[in-house]
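*Asks:* Here is a sequence with its predicted model. Questions after.
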Amino acid sequence: MDLHIDEKRLLKIFQEKNRDEFSLEGLEKYMQKEKILRVSLWLKGKGLVDIDEKVKKIVNVVNEDDFPERKIAKYLKENNIKEIEIKKLKDILPKEEINAALGAIKRKKIAKIEKGKIIFDNLDYKDVEEEILKKIKENKYLDNFNEEEKKIIEILKKRGYVDFDEEKEVKIKLTEKGKEFIKKPIEIEEEITQLTREIIISGKWKRAYIRPYDVKVPTKVVYPAKVHPLTRIIREVKEILLAMGFKEIKSPIVETEFWNFDMLFEPQDHPAREMQDTFFLKYPNVGEIPTNLIDKVKEVHERCWKYKFDENVSKRLILRTHTTASSIRYLASLSEEEKNKPHKVFCIDRVFRNEAIDYKHLPEFYQCEGIVMDDNVNFNNLIGILKEFLNRLGFEKVRFRPAYFPFTEPSLEAEVYLEGKGWLEILGAGIFRPEVLEPIGIKKPVLAWGIGFSRLAMLKYNLTDIRELHKNDLNWLRRI
Ligand SMILES: N[C@@H](Cc1ccccc1)C(=O)O
C-alpha cells in the first residue's frame with residue numbers, strides 16, 4: 001500500500017506503543033493536532049483506522065463561593081451561638097441570598113426554622129450538595145455520576161453553582177486491516193517531495209521514494225469571482241441574437257409619451273398611460289417631439305380612435321415602459337434609401353413600470369426587443385424566428401397562442417414547457433400594424449417581439465421569487 005510518510009509515522013506510534021487505540025490527546029505528544037486529524041482521515045480512506053467521535057457532556061463549577069446556608073453556619077460558629085433571627089440575616093448575607101439560604105435549610109433540613117428564628121443543632125453539618133461540588137471539581141464528565149447525584153447536579157445548576165457544557169472526544173482506532181498492517185515493520189524512508197537540480201544530477205532520485213500526486217485528496221472549496229446571473233443571461237441572449245444576424249440598437253431611458261405610446265398607436269386615454277402604471281418625470285416634465293411626425297401621428301389617431309389628440313400629452317416625459325420604443329425610434333430614423341433594405345435589430349435594456357413589488361414584479365427590469373423588416377416576411381417567419389430563438393435559449397418545447405397588443409396585428413404570445421411547471425408565457429410578438437408604419441413611410445412588413453428578462457431569469461435559475469436576483473445572497477450567488 002502506498003502510504004504518505006506522515007501516515008507511516010502515525011501508524012508507527014501504534015506499533016511502537018503496541019496499542020490499537022489512542023485518544024486525540026494521547027497522540028498529541030507525538031504529532032501536531034491538525035496533522036493527526038488530517039492524516040487519520042487519509043488512513044480512514046484507506047481502511048486502516050476508524051475515527052470515533054463522541055460528544056461528552058461535562059459539568060463545570062462556575063461559582064466557588066460558599067452556599068449562603070453555610071455562610072450562616074460559619075458565622076454562628078465564629079460567634080459561638082446556635083441560632084439567629086431571620087431578620088438579622090441581612091447583616092450576614094447579601095439580600096438576594098437570604099431566600100436561597102432559607103429554602104436550602106428547609107429542603108436539606110439543616111436547621112429548624114421556628115418563630116422567626118433559625119436554630120441549628122449541628123453547625124458542622126454534612127451537605128451532599130457540597131460533596132458533589134467537590135466531586136465535580138475532580139471529575140467533570142456527567143457520565144461518571146449516578147442518577148441520585150445527577151439530580152443534585154440539576155439543583156446546583158438551578159442555584160447557579162454549576163453549568164453544563166460539551167466536549168468532543170476523538171478516538172483513533174486501528175481497524176482489522178490496520179492491526180494486520182502494523183504487524184510488519186514500517187519503514188520510514190526519506191521521501192522526495194520536490195525535485196531539485198542536485199537530486200537529478202547526483203542520481204539520488206533513482207534511490208529515493210517519490211510519492212505520486214493524489215488528485216483526489218479533499219480540499220477547501222474555492223469560489224472564484226463570477227459574473228452576476230442577470231448579466232450572464234443578458235450576455236447569453238445578446239450572443240444568440242448576434243449569431244442569428246441581429247444588430248444591437250439603443251434608445252433613451254427617459255422617453256416622451258410620443259415615442260413610448262403615440263407612435264405605437266396606443267390611444268392617449270389608454271389605461272397603461274396612467275400614473276399607477278407609468279413613472280412620470282417631475283422636472284423636467286416635458287420633452288421634444290419631432291415636428292415632421294406629429295401631424296401624421298395625430299391624424300392617424302384621430303381618424304382611427306376618434307378622439308381629440310393632445311400634443312401636450314405627447315410631450316410628457318416618462319421612464320420608458322417597454323423597449324418597443326427603441327424599435328419604433330430605429331424605424332423612424334431610417335433614410336429613404338435604408339427603408340429599401342432589410343433590417344434585423346434588437347435592444348436589450350432597462351424598462352420601468354409603476355408596479356407593486358412582489359415575487360414576480362419589480363418596478364425596474366430588463367426587456368429584450370427585436371424586429372425583422374424585409375419584403376414578404378410573414379407570420380410564419382415570425383413563428384420560425386421565435387422558435388429558433390427560444391430553442392437556442394434552451395427551451396425545447398414552444399407553443400404559440402393569439403394575443404392582443406395595440407401596435408401589432410396579428411399578435412401572439414409564446415409559451416414554453418417546463419418539466420414540473422407546465423406551459424409558461426414568456427414573450428409577446430406580432431406584426432406592426434399599418435397605422436404604426438404609415439406615419440414613418442415604411443411599406444415593408446415588420447415582425448416584432450419582446451421578452452421580459454425577469455421571467456426568463458426565474459425560469460433559467462429556477463427561482464420562485466424574482467427578488468432573489470437582487471438580494472446579493474452570497475450563498476446563492478456562489479452556487480448559481
Ligand atoms: N412591448 C410588449 C411586448 C411586445 C413587443 C413587440 C411586439 C409585441 C409585443 C410588452 O412590453 O409586453
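*Replies:* That came through fine. Residues are numbered from 1 along each chain as shown.

*Asks:* how about the residues of the stretch 351-480 of the chain near the ligand?
*Replies:* 369, 405, 408, 411, 428-430, 448-450 (CB under 6 Å from any ligand atom). All C-beta atoms are positioned from the backbone trio N, CA, C, and that covers glycine.

*Asks:* now, the most widely separated pair of the residues you listed?
*Replies:* E369 and S411 (14.3 Å; CB to CB).

*Asks:* And the closest residue to W476 other than its chain neighbours, how far from I357?
*Replies:* Excluding its sequence neighbours, the residue lying closest to W476 (CB to CB, 6 or more residues apart in numbering) is E468, at 6.5 Å. Using CB to CB, to the nearest Å, we find E468 at a distance of 13 Å from I357.

*Asks:* swap in T231?
*Replies:* From T231 over to I357 (counting by CB to CB), the distance is 21 Å.

*Asks:* next one: R320
*Replies:* From R320 to I357 the distance is 19 Å (CB to CB).

*Asks:* related to what we said a few turns ago, let's see if you can find the most crowded of the residues of the stretch 351-480 of the chain next to the ligand.
*Replies:* Among these, the one with the most neighbours (other CB atoms under 10 Å) is E369, at 27 neighbours.

*Asks:* Please identify the helix or strand for it.
*Replies:* strand 364-373 (DSSP states H and E).

*Asks:* now do R235
*Replies:* If you go by DSSP H and E, R235 is part of helix 229-243.

*Asks:* Using neighbour counts, pick out the buried residues of that helix.
*Replies:* 229-230, 233-234, 237, 240-241 (16 or more other CB atoms under 10 Å).

*Asks:* What about the ligand: which of the residues you listed touch it?
*Replies:* Among the buried residues of helix 229-243, no residue lies close to the ligand (CB under 6 Å from any ligand atom).

*Asks:* Same list (those) but as a markdown table, adding pLDDT.
*Replies:* A markdown table is the format used below for the buried residues of helix 229-243 (pLDDT from 0 to 100):
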| residue | pLDDT |
| --- | --- |
| P229 | 93 |
| L230 | 92 |
| I233 | 94 |
| I234 | 95 |
| V237 | 96 |
| I240 | 97 |
| L241 | 97 |
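
*Asks:* Would you point out the most distant pair within those?
*Replies:* Maximum distance among the buried residues of helix 229-243 (CB to CB): 19.0 Å, for P229 and L241.

*Asks:* neighbour count winner among R320 and I357?
*Replies:* Between R320 and I357, R320 has the larger neighbour count (other CB under 10 Å), namely 25 against 11.

*Asks:* K247 and K341 touch, don't they?
*Replies:* No. Using CB atoms under 8 Å, K247 is not in contact with K341; the gap is 12.0 Å.

*Asks:* and the strand holding E369, which strands flank it?
*Replies:* Applying DSSP bridges to the sheet, strand 364-373 is found paired with strand 343-352 (antiparallel), strand 446-452 (antiparallel).
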